[in-house]
Each structure stands twice: as structure tokens, then as C-alpha cells.
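[1] build me a model from this:
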Amino acid sequence: MVIGTGAAAWPSREALTRVGVPPVRTALDVALWGAMALWLLTSAYGTKLFHGWSAVLPVLGLLVFVAALLGFRRWTVARRLLPSLGLLLVLTLLGGGAYAAGAEGTAVLLWVLSAVLALDRLPLATGAGVWAVLSAVVLLVDTGKPLHVVIVMSAVLLGGYTLRLDAQARGAGFRMLAQERAARVAEAESAALAERARIAREIHDVLAHSLSAQLVHLEAARLQIEGGYDREQVLRRVVEARSMARQGLAETRQALSALRGQLVPVEDYLRELAVDGVRTEVVGEPRLLPAEASQAVRRVAQEALTNARKHAPGADVSMRLEYAADAVTLEVRDDGTHGPGTELGASGSGYGLLGMRERAELLGGSLEAGPAASVEGGAGAAPYGSRPPDRSEGKGFTVLLRVPA
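    Predicted coordinates for the structure are as follows:
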């Protein structure tokens, strides 16, 4: 984050700290500052001005220098301008003391370091102002070589600004990395939520299908009991309801297995589902389908066959699965011929197909359901909107599913 804009802006917090700096770079920086401190100390003693009790002054000055550097770093990270400028003033006065003691090289080095630090870590306008003041100080104490001073201080300006840009680039790279990691975490959480929703939808569809079939048989058993039917007939309905419950549990396991990619291929599942004379045809080259597309085909086939048995018992039913280049199509068709057992047909609502249509649309596909002629002609198959398809006239019926795969 940057406080302010333009020349009044502080460097980013990542640029002011050492976050994201490789250990090798840290070791090199420590070595550089250690060498700089040793240079300051040796250059001070090199003047041969410190004898006796005054020999301790360069060491004390070095301690003040280190403490000022550490404090300057702390206050700039906190973006406190006045304390930061105060510590730069300490470094400047330390250079003035060295100059007064005759260590001119040490003094100039301290002033140059102060200018570099200001350009690197302070707001740009403030850093440039500090550099200008220190350049004037160096010119005043080295009046004999003004051109040399201008060249040196210009190099200091360029070097300090280069260090600033380098730190800013590193900070920007770290921020981008942090944002990318946060985006990946959010994406993983979103994928987990989507997976949970998908599993919940699968289990809901399976249980709704199973419970609906059980309800049909239990309702028939109730009516038979009230009508005084034979015990064997009632027991048959109860046994069928129990069978539906077992089938629902098995289908729930199948749904979870499909989401894990552990189920048999779709065409094999359709052949297993095709009982009671249901014809099955597979067109195209079979291939492994994505989990959601595979489950959509399975659920639609199951729901369509259940509807055919409920609304048109004894009808001729066929299933056709076609693998295209970028999609898979399932067509389930019956001829509408009614046979024995039509008393169960009135119980079907057809709302299962509405759920299947929503499933197909979530995958970017479509589901059409209606009289065979309507679907074949494309005249608005799935004409029901929020209502189930009407099969009251006993005509042939077609369910047509297309999903990308």
C-alpha cells in the first residue's frame, strides 16, 4: 500500500521491509553494511587524530551510527516522517562532528549515506529535498572541487533512486504473488463449495426419484388395503416399495462414485438400465465423459424410463445415445401405448424432468420433453415452463438431452 500519490507517496510497505528478499540478498546486504561500518571506523582512525581517551570516540560514533540506522528503518516502515528526518539529522550531525575532528572522508561518507537513505526510503519529494541540502553541505566543505562534488552527488541521486525502484519492483512482485495465492485459495474454496452443491444436487435427485417411486407403491398399497384387496397383492406393493428404497441407496452410492470417476461407462449403465424390452442404441465413438455430463445422462435416462413406466405402462421404449465431437445426446422415446397397470400412471407429476432440465442448463446444454412430433420438429420441445409436460392424451413422448462433453 502507498500513502499519498506521486512525489508525496511513501514507498510500499513491502519495499520498506525485507519481505520476499532471498536469504542470499540479505547476506550480501549485511556484508555491505558491515564493510561500510568498518570503512567508517578505519577511516576515522586513519586520520591519527584520536589518541588517549579520545580513541573511544570513533567506536561511540559507530554505535550511534548503527542505532540511528536501525531507528531510521523502524520509523520509515511505520511511515513516520518527523522521527525519520530526526534520525537523518543525527547522521548528518555525526558527519559534522567527524568533519570538525578532521575526518573529512568519514564526514562526506556519512552525508552521502544519509542522502542515499533519504532517496531510498522517504517520500520522493522529501528525499530529493534531503539530497539537495546534503549536496549543498558537501559543496560548502569541499569548495575546491565543485565539479567533482556535482558528479559524485549526481551519482548518489541516481544510485538512491535506483535502489528505490528496485525495492518498489520487489514489493510489487511480492504483492502480486500474495494476491495470486489469495486468488488460488478463494478458487479452491469456491471449487469445494461447488463440489458440495453438486453432490447435494445428485443426492437430492436420487432421493427424490426413489422416494417418489416408493410413494407410488405405498399409496397403491394403502388403496388396496382400504379396498379389501388380497393380502398377497398388498404385500407385493410393500415389497416393491422396499425394493425401491434399496435401489435408492444403491443409486446414491453410484452418484457419489460417479463424482469420483469410479462408475462404469455411460453406455454400459444404459444397457443395465434397459430392462423390460427397452431398446438401446449407441452411435459414435464412446469416450469418457466429465462427471457432471455423465451424471446428467444417467439421471435423465433413469427419470425418462420411470416416467414411461408410470404414464405409459407396456409402451415400446427406446434409448439412443449419440457421441458427437463436442457434445453427447440422449433420446428416450416411447410410443404412448398403454398396457396393464395404468392405475399407477396418474401418480406421476413429471416434475423430475424439470429438475433434469435445470441440470442440463447448468451444464450449458438443453433438455426437451414433449410429444414425439414436437421434439422431432423442434417446435418448442420443453413447452412446459414451470409446469410438467401433459401426457393425459396417451400420445408418444420423447425426452431429448444435449450436453457439452
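[2] can you pull the contacts of the residue sitting furthest away from the middle of the chain?
    Ranking residues of the chain by C-alpha distance from their mean position (CA atoms, centre = their mean) puts G52 at the top, at 68.1 Å. With contact set as CB atoms under 8 Å, 6 or more residues apart in numbering, G52 has no partners. Any C-beta I mention is one placed from the backbone N, CA and C, and that applies to glycine too.
[3] in the protein, what helix or strand scores lowest on average pLDDT?
    Ranking every helix and strand in the chain by mean pLDDT, DSSP states H and E puts helix 372-377 at the bottom, with a mean of 54.
[4] next SSE after that helix?
    strand 397-404 (DSSP states H and E).
[5] report the buried residues of that next one.
    Within strand 397-404, the residues scored as buried using 16 or more other CB atoms under 10 Å are 397-403.
[6] who does the helix or strand containing I151 touch, helix- and strand-wise?
    Element membership of I151, judged by DSSP H and E, is helix 146-226. Applying 3 or more CB pairs under 8 Å, 6 or more residues apart in numbering; DSSP states H and E, we find helix 146-226 packed against helix 13-16, helix 104-121, helix 124-141, helix 231-259, helix 291-311, helix 351-362.
[7] can you do 6 Å?
    Contacts defined by 3 or more CB pairs under 6 Å, 6 or more residues apart in numbering; DSSP states H and E place helix 146-226 against helix 13-16, helix 104-121, helix 124-141, helix 231-259.
[8] so how far is it off the chain centroid?
    Distance of helix 146-226 from its chain centroid, counting by CA atoms, centre = their mean, to the nearest Å, is 2 Å.
[9] mean confidence (pLDDT) on stretch 317-325, please.
    The average pLDDT within stretch 317-325 is 91.
[10] would you mark the buried spots in that stretch?
    For stretch 317-325, by 16+ other CB under 10 Å, it's 317-321, 323.
[11] which one of the buried residues of strand 397-404 sits closest to Y99?
    In terms of CB to CB, no member of these lies closer to Y99 than V403, at 82.6 Å.
[12] how near is the closest one to L113?
    Remark: distance between V403 and L113 (CB to CB, to the nearest Å) = 69 Å.
[13] for M36, same thing?
    Taking CB to CB, one finds M36 at 7 Å from L113.
[14] so between these two, which is more surrounded?
    Neighbours of M36 and L113, each counted by other CB atoms under 10 Å, are more numerous for L113; the result is 21 against 14.
[15] could you check the pLDDT of the more buried one?
    On pLDDT, L113 comes in at 89.
[16] nearest residue to the middle of this protein?
    Central residue of the chain (CA atoms, centre = their mean): E187, at 1.8 Å.
[17] coming back round to it: and the helices and strands packed on helix 146-226: which comes nearest A301?
    Of those, nearest to A301 by CB to CB is helix 231-259, at 12.1 Å.
[18] what element comes up after the closest one heading to the C-terminus?
    The C-terminal neighbour of helix 231-259 among helices and strands, as given by DSSP H and E, is helix 266-273.
[19] what lies in contact with that following helix?
    By CB atoms under 6 Å, 6 or more residues apart in numbering, the residues outside helix 266-273 that reach it are 280, 282, 286, 289, 294, 297-298, 301, 319, 321.
[20] where does the stretch 201-350 of the chain dip in pLDDT?
    Residues of the stretch 201-350 of the chain that meet the criterion pLDDT under 70 lie in 202, 206, 209, 247, 250-251, 253-263, 337-350.
[21] any buried residues in the helix or strand harbouring G86, and which?
    Assessed by DSSP H and E, G86 sits inside helix 81-100. Residues 84-85, 87-88, 90-92, 94-95, 97-99 are the ones in helix 81-100 that count as buried (16+ other CB under 10 Å).
[22] over to stretch 62-78?
    So for stretch 62-78, counting by 16+ other CB under 10 Å, buried means 62, 65, 68-69, 72-73, 75-77.
[23] residues contacting it, please?
    Stretch 62-78 is contacted from outside by 16-17, 37, 41, 83-84, 87, 90-91, 94, 121, using CB under 6 Å, 6+ apart.
[24] distance to P371 and pLDDT for these - can I get that in JSON lines?
    JSON lines is the format used below for the contacts of stretch 62-78 (distance: CB to CB, whole Å; pLDDT from 0 to 100):
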{"residue": "L16", "distance to P371": "73", "pLDDT": "82"}
{"residue": "T17", "distance to P371": "72", "pLDDT": "82"}
{"residue": "A37", "distance to P371": "92", "pLDDT": "78"}
{"residue": "L41", "distance to P371": "99", "pLDDT": "77"}
{"residue": "P83", "distance to P371": "84", "pLDDT": "91"}
{"residue": "S84", "distance to P371": "82", "pLDDT": "91"}
{"residue": "L87", "distance to P371": "87", "pLDDT": "92"}
{"residue": "V90", "distance to P371": "92", "pLDDT": "91"}
{"residue": "L91", "distance to P371": "91", "pLDDT": "89"}
{"residue": "L94", "distance to P371": "96", "pLDDT": "87"}
{"residue": "R121", "distance to P371": "78", "pLDDT": "89"}
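[25] please consider this matter closed, and thank you.
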